[in-house]
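A.B. asks: dropping the sequence and predicted coords here.
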Amino acid sequence: MANWQEMMPSTRAYLMNKVLYELHHKPDDLAAYKADAEAYLARFGLPQDLADCIRNNDVANMYLTGVNPYLLRAHCIGVRIPEDVSLAALRSLLTHEDYNNG
């Protein structure tokens, strides 16, 4: 199962990865995000659908936008998304073919 909706990484994928990298790798960024997610995400000029994706912890759509799986995992840990919830979101993307080929 590929995590790209496009043929190659796009600006949208880059932005998502940049936000998640900074959120979980820069001192104080996670606290700033937790204090005011809207203000934190506004720093990056994300399109509204991408900001919503992060704010709503939409793991499946973050993956589909091209988020690096390691950054997605760091995000799930950082904002305390239970592992069974994040894995269920990713599994929801699997097709019948994915199960037969994996």
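C.D. replies: Happy to help now that I have it. Numbers count the residues shown, from 1 in each chain.
A.B. asks: what's the average pLDDT for the longest helix seen in the chain?
C.D. replies: When the chain is scanned for its longest helix (criterion: DSSP state H), the result is helix 11-25. Mean pLDDT, helix 11-25: 95.
A.B. asks: how about that helix: buried residues?
C.D. replies: 12, 13, 15, 16, 17, 19, 20, 21, 23, 24 (16 or more other C-beta atoms under 10 Å). C-betas here are computed from N, CA, C, even on glycine.
A.B. asks: can I assume residue 59 is in contact with residue 73?
C.D. replies: No - judged on C-beta atoms under 8 Å, residue 59 makes no contact with residue 73 at a distance of 9.8 Å.
A.B. asks: and the residue nearest the centre of the chain, what helix or strand is that in?
C.D. replies: For the chain, residue 62 is the residue whose C-alpha lies nearest the centre (C-alpha atoms, centre = their mean; 3.5 Å). Remark: residue 62 resides in helix 59-64, with elements defined by DSSP states H and E.
A.B. asks: before we move on, what about residue 9?
C.D. replies: Assessed by DSSP H and E, residue 9 sits outside every helix and strand.
A.B. asks: contact partners for it?
C.D. replies: Listed by C-beta atoms under 8 Å, 6 or more residues apart in numbering, the contact set of residue 9 reads residue 66.
A.B. asks: any idea how far it lies from residue 94?
C.D. replies: 22 Å (C-beta to C-beta, to the nearest Å).
A.B. asks: same check, this time on residue 48
C.D. replies: 28 Å.
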